[in-house]
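In: quick one, structure for this:
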Amino acid sequence: MQDVQKLKENEIFVVMNREGDIPAGSSDGQGLYFQDTRFLSIYEFGINGVGLQLLSSAGELNFMGNLQFGNLGALLDNGTTLPPRTLSIRRNRFVDAGLHERIGFFNYNPFPVTLNIELRLGSDFRDMFDVRSFMHPLKRGEEAEPELSARPFGSTTRA
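Out: I've put the predicted structure just below:
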């Protein structure tokens, strides 16, 4: 595992890439684990149409970390040119009974900027030893696409 960040508190630990993401299809065991099970296998943050540049990364304590980004130059949907490093994006995170993250934005431009923020999450609930290829279960469940229901979560229907 090269160029990864790790956070740990009690039975929860997170392994992420240097930008603080857990990319889809990572082959080096990145994810959020609790009691040897990977609960988060994808955690990707982005801004639609705007690339990000990691400026700094700090983590003095094992359970928390901070990432500072600037934007790359971009042409916004409304035709406005967004100069590089005129947006400041800060990701503060810590582990305490789960992963907590606060994402802050600061616009240094003399004009307002409208952005579409993307956060992609995925779970595979694989055993840590399976992820690390130490064991392979004989049978796994099947992957399915998420389903959208008009019924609120936890509600029941009565006949």
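
In: going forward, measure contacts between C-alpha atoms and count neighbours the same way
Out: Fine.

In: ok, then the element right after the helix or strand harbouring Leu55?
Out: Secondary structure from DSSP states H and E places Leu55 in strand 52-58. The helix or strand immediately downstream of strand 52-58 is strand 64-71, counting by DSSP H and E.

In: and the angle for that following strand with strand 52-58?
Out: 150 degrees (axes from the mean of the first three to the mean of the last three Cα atoms, to 10 degrees).

In: give me the sheet partners of strand 64-71 and which way each runs.
Out: Under the criterion DSSP bridges, strand 64-71 sits next to strand 52-58 (antiparallel), strand 87-95 (antiparallel) in its sheet.

In: which outside residues touch it?
Out: Identification of contacts with strand 64-71 by Cα atoms under 8 Å, 6 or more residues apart in numbering yields 7, 19-20, 50-59, 84-95.

In: all strands for this structure, in order.
Out: Assignment of strands within the chain using DSSP state E yields the ranges 4-9, 12-17, 31-34, 37-40, 42-47, 52-58, 64-71, 74-75, 81-82, 87-95, 99-107, 117-122, 126-127.
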